[in-house]
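> generate a structure from the sequence data that follows.
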Amino acid sequence: MIRDQAVGPQSSREMHPSARGQPLRRLLERGGTQLLLALGAVVFALPFVWMVSTSLKADRQIFAFPPIWVPDPFIWGNFPAVFIYAPMHLYFFNTLLIALAHVFGAVFTCSLAAYGFARLRAPGRDLIFMVMVSQMMIPYIVMLVPLYLLFAELEWIDTFYPLTIPAMLGTPFYIFMLRQFFLTIPMELEEAAIIDGASRLRIWWTIVLPLAKPALATVAIFSFMFAWNDFTGPLIFLHSREKFTLSLGLQAFMFERRTMWGPLMAASTMMIMPILIVFFLAQKHFIQGIALTGIKA
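Sure, this is the predicted structure:
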């Protein structure tokens, strides 16, 4: 009887169906999640793969059915043709100039404003912050007409000012995102610096910004991508061809009766490469910034 009592609980514990099914359930859940992520990655990667493939095809292969994924032969001449039909080097410089202005505004101006909203106490601070955040609800397209009239009065049309100055003055979404991150930084670090005689500006520069590298990398990538891919803004405010950006320069390959798909896809591939390079260089900080930027009241 003693032996039966000693063996009984152990055998019943081993045969419990819920305990036996948990590893299998976890394995199925993990496998299903990975399968969905893999399918999503394939869906998002297909347009990019097709763009690169088309940039290396001859015209007869582009519309072939069934589709040809691997060009035979590789037509490398589509890439030099990009610079024949349009001054892409000039468009690249214009786009880079505008994108760097956006990054500067996101990293410095927005971070300075976000630090003020997160740490400085002033009458009406929360009201001003709510008004600023409410601007995020207004679509960019809705503001184009008032902005055009304003910039026309300032004689900024057909210049880079409408595409750079507003971005350098701050963007509500980036200010909101950085403020939420700054709220997670312990106040004890800043209080110790204040005791040592550091000013608020010095604390922002020497303590807050180094700790906020993940959030700064996130807003820098977002702002760079927006400026690099922006089509509506340059279309409205730029008229001279020598001031076009890359997104407008792609129109050089689309004619009234024909579209040069090979050079167009080659130009699109060249246009997207800087974004991929920036993302891979800052990938670690970008993912960390997305994960750490919480919503703290």
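> quick one: the helices in the stretch 1-150 of the chain, in order.
All helices of the stretch 1-150 of the chain, identified by DSSP state H, counting those that start in this stretch, fall at 2-14, 17-55, 59-62, 78-85, 88-104, 110-119, 125-134, 144-153.
> now the fourth one: buried residues?
Judged by neighbour count using 16 or more other Cβ atoms under 10 Å, the buried positions of helix 78-85 are 78-79, 81-82. Every C-beta, even on glycine, is put in place using the N, C-alpha and C of the backbone.
> pLDDT weak spots in the stretch 1-150 of the chain?
For the stretch 1-150 of the chain, the stretches flagged by pLDDT under 70 are 1-21.
> now name the helix or strand holding the residue positioned nearest the centre of the chain.
In the chain, the C-alpha nearest the mean C-alpha coordinate belongs to residue 222, at 3.1 Å (Cα atoms, centre = their mean). For residue 222, the host element (DSSP states H and E) is helix 213-229.
> how about residue 163?
helix 161-168.
> can you name the next helix or strand after that helix?
With DSSP H and E, the next secondary element past helix 161-168 is helix 172-182.
> quick one: residues in contact with the next helix or strand after that following helix.
For helix 172-182, the succeeding helix or strand toward the C-terminus, using DSSP H and E, is helix 187-195. Contacts to helix 187-195, defined as Cβ atoms under 8 Å, 6 or more residues apart in numbering, come from residues 119, 202-203, 206-208, 211.
> do stretch 92-109 as well
The contact list for stretch 92-109 (Cβ under 8 Å, 6+ apart) reads 160, 163-164, 167-171, 174, 216, 219-220, 222-224, 226-228, 230, 243-247, 274.
> as TSV, the helices of the stretch 1-150 of the chain with distance to residue 253 would be great.
Shown next, in TSV, are the helices of the stretch 1-150 of the chain (distance: least, Cβ to Cβ, whole Å):
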stretch	distance to residue 253
helix 2-14	70
helix 17-55	11
helix 59-62	13
helix 78-85	6
helix 88-104	10
helix 110-119	36
helix 125-134	41
helix 144-153	26
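> need the winner for burial among the ones you listed.
Each of those was scored by mean neighbour count; the highest is helix 110-119, a mean of 22, by mean count of other Cβ atoms under 10 Å.
> any idea how far that helix is from the chain center?
With Cα atoms, centre = their mean, to the nearest Å as the basis, helix 110-119 stands 21 Å off its chain's centre.
> ditto for stretch 56-66
32 Å.
> who touches that stretch?
Contacts of stretch 56-66 (Cβ under 8 Å, 6+ apart): 54, 68, 71-72, 74-76, 78, 261-262.
> what about it, start to end distance?
End-to-end distance for stretch 56-66: 17 Å, by Cα to Cα, to the nearest Å.
> domain parsing for this protein?
2-62, 78-292 (automatic domain parsing).
> follow-up on the earlier one: sort out which one of the contacts of stretch 56-66 lies nearest residue 235 for me.
Among the contacts of stretch 56-66, residue 261 lies closest to residue 235 (Cβ to Cβ), at 21.7 Å.
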